[in-house]
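The amino acid sequence is not available; the structure is as follows:
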């Protein structure tokens, strides 16, 4: 049972990245999946979530309008499309999965996103 985040990298401000959260050993299709981020300067922040029921979505105010979360159940993967990136978005991003929003049983390792000004 494993969650693996990928897709991070170095990008200039205004650029885009797409993060992937892939599961192995279990299905994501009936779970709520969230993306979190953490940096040395900030506390952990839940950036976005896509819920198990009807794939409702949540976005932190800091990323609303710039980030989009989506899921591909056939690939057992959840994505986070990040557009118009800002230096303030620099952080380690990691995903979590669980039965409901805010209740996460599985946590993946992170992927580093660095946004240069």
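Yep, it's here. All values derive from a computational prediction rather than experimental measurement.

So the one residue sitting closest to the centre of the chain versus residue 80, what's the distance?
Nearest to the mean C-alpha position of the chain, by C-alpha atoms, centre = their mean, lies residue 35 at 3.0 Å. Note on residue 35: its distance to residue 80, by C-beta to C-beta, to the nearest Å, is 5 Å. (Glycine included, C-beta is placed from N, CA and C.)

Check residue 10 too.
17 Å.

May I have the distance across stretch 107-117, first residue to last?
30 Å (C-alpha to C-alpha, to the nearest Å).

Can you give me the buried ones in that stretch?
108, 110, 111, 113, 115 (16 or more other C-beta atoms under 10 Å).

that older thread, what's the overlap in contacts for residue 35 and residue 80?
Shared contacts of residue 35 and residue 80, defined by C-beta atoms under 8 Å, 6 or more residues apart in numbering, comprise 19, 21, 47, 48, 69, 93.

Name the member of those residues with the most neighbours.
residue 21 (27 neighbours; other C-beta atoms under 10 Å).

Okay, now the sheet partners of the helix or strand where that residue lies, with direction.
Per DSSP states H and E, residue 21 falls inside strand 17-24. According to DSSP bridges, strand 17-24 forms sheet pairs with strand 2-6 (antiparallel), strand 77-82 (antiparallel).

Deepest-packed of those, please.
strand 77-82 (a mean of 22; mean count of other C-beta atoms under 10 Å).

hmm, back to that, list the beta-bridge partners for the residue nearest to the centre of the chain.
Taking DSSP bridges as the rule, residue 35 bridges to residue 48, residue 95.

tell me the contacts of it?
19, 21, 46, 47, 48, 49, 69, 78, 80, 93, 94, 95.

And it, how far from residue 19?
According to C-beta to C-beta, residue 35 stands 7 Å off from residue 19.

Between those two, which contacts overlap?
Counting by C-beta under 8 Å, 6+ apart, the residues touching both residue 35 and residue 19 are 80, 93, 95.

residues near the last one, how many?
Going back to what we said before, that points to residue 95. The local packing of residue 95 (other C-beta under 10 Å) involves 32 other residues.

Tell me who's in contact with it.
Contacts for residue 95 (C-beta under 8 Å, 6+ apart) come out as 3, 5, 19, 21, 33, 34, 35, 36, 78, 107, 108.
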